[in-house]
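Engineer: what's the 3D shape of this:
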Amino acid sequence: MARALEEYHVDEVDPCFEVPLPDGSGWMSGGGGGMGNIGYLARLDADSSLRWVAVMFRSNPFVGVRYEGMRAVFTNDWGNLLTLDLTTPALG
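Structural biologist: Modelled structure (predicted):
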């Protein structure tokens, strides 16, 4: 991922939100960076250490999240939605 970020000259991100998970096990963070086309999502543990991060180069910044149980529904700055099941092993 670091190589991809370097290739696209992304050296910083702008966080838009950091919201606790419904079960209290950590946090979801999201935002953007670069020229406005880049969005990121990150899951943090309860101590704010990084569990995973996803960087998308054509998503636009993510500006909010709401929860439906342990499903996270993210919204980007164009109003598009992305739903992730946080109980999926890869996202847990």
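Engineer: so how far is whatever helix or strand P15 lives in from its chain's centroid?
Structural biologist: Under the criterion of DSSP states H and E, P15 resides in strand 14-20. The chain centre lies 8 Å from the centre of strand 14-20; the measure is C-alpha atoms, centre = their mean, to the nearest Å.
Engineer: and for stretch 22-32?
Structural biologist: 8 Å.
Engineer: mind saving the C-alpha coords of the strand holding P15 as CSV?
Structural biologist: Extracted in CSV, the C-alpha atoms of strand 14-20 (Å, rounded to 0.1, in the frame of the first residue of the first chain):
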residue,chain,number,x,y,z
ASP,A,14,-7.6,14.2,6.1
PRO,A,15,-9.7,12.4,8.6
CYS,A,16,-13.4,13.3,8.6
PHE,A,17,-14.7,11.0,11.4
GLU,A,18,-13.6,8.7,14.1
VAL,A,19,-16.6,6.9,15.6
PRO,A,20,-16.8,4.2,18.2
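Engineer: so which bits of it are buried?
Structural biologist: C16 (16 or more other C-beta atoms under 10 Å). Placement of C-beta: from N, CA and C, glycine included.
Engineer: and the angle from the helix or strand following it to strand 14-20?
Structural biologist: Sequence-wise, the next helix or strand downstream of strand 14-20 (DSSP H and E) is strand 26-33. Angle, strand 26-33 to strand 14-20, by axes from the mean of the first three to the mean of the last three C-alpha atoms, to 10 degrees: 170 degrees.
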